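*Asks:* just the structure for this:
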Amino acid sequence: MSDLTAARLRAVLSYDPATGIFTRRQTTCPRLKPGCAAGTTTVYGYVRVQVDGHIYPAHHLAWLHVHGEWPVGILDHANGERSDNRIANLRPATISQNKANSKLRQDNQSGFKGAYLAPNGRWRAQIRCNGKLRSLGRFPTAEQAHAAYAKAAADLFGEFARAA
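*Replies:* Here you go, the predicted structure:
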């Protein structure tokens, strides 16, 4: 990911694994004083931290700080809160697992994850796994379609499944 090492990160920033917050150990520029919190939150809810002129996702830095190596692949926020960088909330994931743990989209019209209104007025349930869309059937209500989605998500994604 970068030339930044765990040793350099630990020299510049301290990390509290219980809160997920980074604080500066040393001054890297006049406005960033030792002891102040490091990082800013993006419009997407992720915390980004600047180290040695480069900007990094805080959850990747947390992983590096604790484990001594960069994460391989994707890190998932188990509780779905993108700014919660406690090490206990971070876990390696595949793209499918990470998407399975996503919250209900704001543009969802049914109010239920996995439930979509078909042109014939019935509700269909579908789920995506490893890039492939799977149809789970058609149902008379959105609740029944969502129940089919929730069961399939639990079977396919286990601890990563988020039904709502």
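
*Asks:* in the chain, where is pLDDT below threshold?
*Replies:* 1-2, 28-30 (pLDDT under 70).

*Asks:* would you map out the domains in this structure?
*Replies:* Taking automatic domain parsing as the reference, the chain has its domains at 6-93, 104-160.

*Asks:* list the helices and strands the helix or strand containing Leu133 packs on?
*Replies:* Leu133 is part of strand 132-139 when elements are defined by DSSP states H and E. If you count contacts as 3 or more Cβ pairs under 8 Å, 6 or more residues apart in numbering; DSSP states H and E, strand 132-139 packs onto strand 123-129, helix 142-157. Quick note: C-beta positions are derived from backbone N, CA and C, even for glycine.

*Asks:* ok, which of those comes nearest Asp52?
*Replies:* Among the helices and strands packed on strand 132-139, the nearest to Asp52 by Cβ to Cβ is helix 142-157 (37.2 Å).

*Asks:* need the contact partners of the closest one.
*Replies:* 96-97, 100-101, 110-117, 123-127, 129, 134, 136-139, 161-163 (Cβ atoms under 8 Å, 6 or more residues apart in numbering).

*Asks:* can you redo the domains of the chain as CSV with mean neighbour count?
*Replies:* Shown next, in CSV, are the domains of the chain (neighbours: other Cβ atoms under 10 Å):
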stretch, mean neighbour count
domain 6-93, 16
domain 104-160, 15
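
*Asks:* SS state for the residue sitting furthest away from the middle of the chain?
*Replies:* Note on the chain: the largest C-alpha distance from the chain mean falls to Asn120, namely 35.5 Å (Cα atoms, centre = their mean). Following DSSP: H, G, I helix; E, B strand; the rest coil, Asn120 is assigned to coil.

*Asks:* roughly how far apart are it and Phe139?
*Replies:* Asn120 is 12 Å from Phe139, where distance means Cβ to Cβ, to the nearest Å.

*Asks:* quick one on the thing from earlier: distance between the strand holding Leu133 and the chain's centre?
*Replies:* In terms of Cα atoms, centre = their mean, to the nearest Å, the centre of strand 132-139 is set 25 Å apart from its chain centre.
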